[in-house]
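Asker: need a structure here:
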Amino acid sequence: MSKFISQRCWITNRLINTGQISRNECLQKHITRLGAHIHAIKALNPTWKIEAKYINKSSNSQDYIYKLINRDEILENIDKNLQKIGA
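Answerer: Numbers count the residues shown, from 1 in each chain. Here you go, the predicted structure:
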């Protein structure tokens, strides 16, 4: 598995599990192309609604986060698909 695919899997799992991911969080894991990964994830999952915005962490610190807006809907669809296959 390539480094970029494993990074993309980690980002995808983070979006599903927590509903958001930040640029600084990725930089701590040596992932520097978060925007490109988000673009590719959205291309593979066109029903995903991902919002991006700056947040103030303190008076002199900002972070850029991507938030999965329709996370609950996605989780419901995953559960339905798992039930269909008997998992």
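Asker: just give the number of residues close to Leu34.
Answerer: 21 (other Cβ atoms under 10 Å). C-beta: built from backbone N, CA, C; applies to glycine.
Asker: per-residue confidence at the residue nearest to it when sequence neighbours are not counted?
Answerer: Sequence neighbours aside, Cys26 is the residue nearest to Leu34 in space, at 4.7 Å (criterion: Cβ to Cβ, 6 or more residues apart in numbering). Note on Cys26: pLDDT of 96.
Asker: correct me, but Leu68 touches Ile50?
Answerer: Yes. Leu68 sits in contact with Ile50 when judged by Cβ atoms under 8 Å, with a separation of 5.8 Å.
Asker: what do those two both touch?
Answerer: In the contact map built from Cβ atoms under 8 Å, 6 or more residues apart in numbering, the residues linked to both Leu68 and Ile50 are Leu15.
Asker: looks to me like Trp10 is in a helix.
Answerer: Yes. With DSSP: H, G, I helix; E, B strand; the rest coil as the criterion, Trp10 is assigned to a helix.
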